[in-house]
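A.B. asks: A structural model of the following input is requested.
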Amino acid sequence: MDTKIKERVDIWLNGSFDEATKNEIRKIQAENPDELTDAFYRNLEFGTGGLRGIMGVGTNRINKYTIGMATQGYANYLKKAWAGDDISIAIAHDSRNNSRQFAEITAHVMAANGIKVFLFESLRPTPELSFAIRYLGCKGGVVCTASHNPKEYNGYKAYWNDGGQLVPPHDKNVIAEVDKIASVDEVKWSLPAGQGGGEHLIQLIGRDVDDAYWNMAGNLSVYPDIIARQHDLKIVYTPIHGTGIMLVPELLKRYGFTHVTVVEEQAKPDGNFPTVVYPNPEESEAMSIGLKKAKELDADILLGTDPDADRVGIAVKDHKGNWVLLNGNQTAVLAFNYLIEARKAKGVSRPGDMVVKTIVTTDMINRIADVNQVTCYDVLTGFKWIAELIKEKEGTEDYIIGGEESYGLLVGSKLRDKDAVSAVAILSEMAAYEKDKGRSLFEKLIDLYVQYGFYKERLISITKKGMRGQEEIAEMMESFRKNTPKAINGSPVVQLLDYELRKGKNPATGEEWDISLPKSNVLQFILEDGSKISARPSGTEPKIKFYFSVNTGLSNAGDFDKVSAVLDQRIDHIIADLKL
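C.D. replies: Sure thing, here's the model as predicted:
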């Protein structure tokens, strides 16, 4: 065993750790030394989004000690940043195993540092945490979740007073404070017994914030009159064992929908996610039970949310009557267009209207916005950048909707993170709107392809696990930087966008320009035929993602299948050319 790893293990075996933890270390030491190495070879990194990792003992795992140390660092920064102010923080958690324990530890450490805590009485969706920060006037927030990761994972996401996740300079400053916590002995786990342990600073919250959230989300409805006509729209909803069950069914009821079926097998919150491998609506397997139910009931729409209810996936019948799962880009196109069209139809659109998407989300949204004279901003991947832009433009432009291809949408600006709860309601309303016109959401999507051009996207994720994983991903990115292809699939590369260097370049002419967005390890190749390829290592998992986008014209709806096959083939050829 490496000397540094052995030192870390010895600290845990001889330090201020509980006996159960020490016994678990000894057991792993005897039975699986490789696992012990992985658990201690590094300190779990507190990144710009917080912590995320496998649960277990060790410095490279999510456990009460790594959670406590992270919280102490965050508390130290809150006290520095808001010196002289009353500081309060909101804390929520999802349905994962140990999430309640981690949320309570976070609450006690914050309280021991003299910070007022609003702790949700039980599990709640991440978007409600973002809403609560703003609603209660908190200086920050924490949600204990690993979003859509497998059951072995948990995590810790930190928020600022605007309800958005940490952005510069706060993200780096919090990381610096967390990195200063060298020992669990530096954590204020609770106030001394004579001071009540800190419980007096912890206030449980629940239904009062739920009601405020439901009222806010209810006001997002665009056509309540159409819902009244189509109230019996057949909706099937699955929370995939997560927090969505706490808010979604009631919100749909308040919208006026009367025919909502919750997928019984996945209705109960359960951190073991017994019916799925990955509790992620991006995965067809996670939506398969819901899809079966939707077919049985001859439903109009199926919707699913991930464990912390910030991602939403949908399925509808296609133009041939077959059930299909829409990808995040298709869902975003429909949602963005719906709100842009509705504002024009109702006469409430303004010159300052704006929408926001990420750089790897379909450029079809840019096209729709441009034709409708709505400003579309592109930001880096991650909803915190959408939240930051909303804050930056507040008072000068009117934010309508933001979204990203990874199944994230945010309608309105009352909270500042992706919100699958309100998205479920809006997407259901969209289905009712199209049904009222005698067509499906999929048929509407084809009409948009005819109107604005047929954009098709695909995502490939390559996972590299273990100690070498991150190095292999870094080597792959470096290879693309140093050996930029002159052409891909026979089409010249006309732009190389390197967000790490914040430089754009035309490889043929040598022309260079600056990229104004913050630094990020992303590469994009723009081809002469309009294709776009993006490479981005994940910030939370040991994987690298490749995003492919191609487009062409679609003269009429009857050509959809033929043109779709051509675009699929173009993506296949690009992937083959890049040898992925």
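A.B. asks: only C-alpha atoms for contact and neighbour calcs from this point on.
C.D. replies: Noted.
A.B. asks: got a list of contacts for the strand or helix carrying Ala39?
C.D. replies: Using DSSP states H and E, Ala39 maps to helix 33-40. Contacts to helix 33-40, defined as C-alpha atoms under 8 Å, 6 or more residues apart in numbering, come from residues 1, 5, 8-9, 25, 28-29, 56-61, 466-467.
A.B. asks: helices and strands of the protein: which one has the lowest mean pLDDT?
C.D. replies: helix 469-482 (a mean of 87; mean pLDDT, DSSP states H and E).
A.B. asks: which helices and strands sit right next to that helix?
C.D. replies: For helix 469-482, the packing partners by 3 or more C-alpha pairs under 8 Å, 6 or more residues apart in numbering; DSSP states H and E come out as strand 543-552.
A.B. asks: Restricting to C-alpha, output the strand it packs on in PDB.
C.D. replies: In PDB, the C-alpha atoms belonging to strand 543-552 read as follows (Å, rounded to 0.1, in the frame of the first residue of the first chain):
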ATOM      1  CA  LYS A 543     -16.700   9.900 -17.800                       C
ATOM      2  CA  ILE A 544     -16.300  11.900 -20.900                       C
ATOM      3  CA  LYS A 545     -19.300  12.900 -23.000                       C
ATOM      4  CA  PHE A 546     -19.500  13.500 -26.700                       C
ATOM      5  CA  TYR A 547     -22.400  15.400 -28.100                       C
ATOM      6  CA  PHE A 548     -23.300  15.200 -31.800                       C
ATOM      7  CA  SER A 549     -25.700  17.600 -33.600                       C
ATOM      8  CA  VAL A 550     -26.500  17.500 -37.300                       C
ATOM      9  CA  ASN A 551     -29.200  19.300 -39.300                       C
ATOM     10  CA  THR A 552     -30.800  19.700 -42.700                       C
END
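A.B. asks: Which strands or helices does the helix or strand that that strand is followed by pack on?
C.D. replies: Counting by DSSP H and E, the next helix or strand C-terminal to strand 543-552 is helix 560-577. Contacts defined by 3+ C-alpha pairs under 8 Å, 6+ apart place helix 560-577 against strand 454-463, strand 543-552.
A.B. asks: Just send the ones you listed back as CSV, with mean neighbour count too.
C.D. replies: As requested, the helices and strands packed on helix 560-577 are exported to CSV (neighbours: other C-alpha atoms under 10 Å):
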stretch, mean neighbour count
strand 454-463, 18
strand 543-552, 21
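A.B. asks: got those as a markdown table, with distance to Leu291 and mean pLDDT columns?
C.D. replies: Converted to a markdown table, the helices and strands packed on helix 560-577 look like this (distance: least, C-alpha to C-alpha, whole Å; pLDDT from 0 to 100):
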| stretch | distance to Leu291 | mean pLDDT |
| --- | --- | --- |
| strand 454-463 | 22 | 95 |
| strand 543-552 | 26 | 96 |
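A.B. asks: sorry, back to before: could you identify the buried members of the contacts of helix 33-40?
C.D. replies: The neighbour count (16 or more other C-alpha atoms under 10 Å) marks Ile5, Arg8, Val9, Ile25, Ile28, Gly56, Val57, Gly58, Thr59, Asn60, Arg61 as buried among the contacts of helix 33-40.
A.B. asks: Of all pairs in those, which one spans the longest distance?
C.D. replies: Farthest pair in these (C-alpha to C-alpha) is Ile5 and Gly56. Separation: 16.1 Å.
A.B. asks: Helices of the stretch 1-150 of the chain, start to end?
C.D. replies: 3-14, 19-31, 33-40, 64-81, 99-112, 126-136 (DSSP state H, counting those that start in this stretch).
A.B. asks: Compare these and give me the one nearest Ser520.
C.D. replies: Among those, the nearest to Ser520 by C-alpha to C-alpha is helix 64-81 (23.2 Å).
A.B. asks: in the closest one, what counts as buried?
C.D. replies: 64-79.
A.B. asks: I'd like to know which elements that helix is packed against.
C.D. replies: On a contact count with 3+ C-alpha pairs under 8 Å, 6+ apart, helix 64-81 meets helix 99-112, helix 170-180.
A.B. asks: Please compute how far the shortest one lies from its chain's middle.
C.D. replies: Chain-centre distance of helix 170-180: 22 Å, with C-alpha atoms, centre = their mean, to the nearest Å.
A.B. asks: next structured bit after that helix?
C.D. replies: Taking DSSP H and E, what comes next after helix 170-180 is strand 202-205.
A.B. asks: need the strands for the stretch 401-550 of the chain, in chain order.
C.D. replies: 408-411, 454-463, 487-488, 491-498, 503-505, 512-514, 523-527, 532-537, 543-552 (DSSP state E, counting those that start in this stretch).
A.B. asks: could you dump those to CSV with distance to Ile245?
C.D. replies: Formatted as CSV, these follow (distance: least, C-alpha to C-alpha, whole Å):
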stretch, distance to Ile245
strand 408-411, 18
strand 454-463, 29
strand 487-488, 46
strand 491-498, 41
strand 503-505, 45
strand 512-514, 46
strand 523-527, 38
strand 532-537, 32
strand 543-552, 30
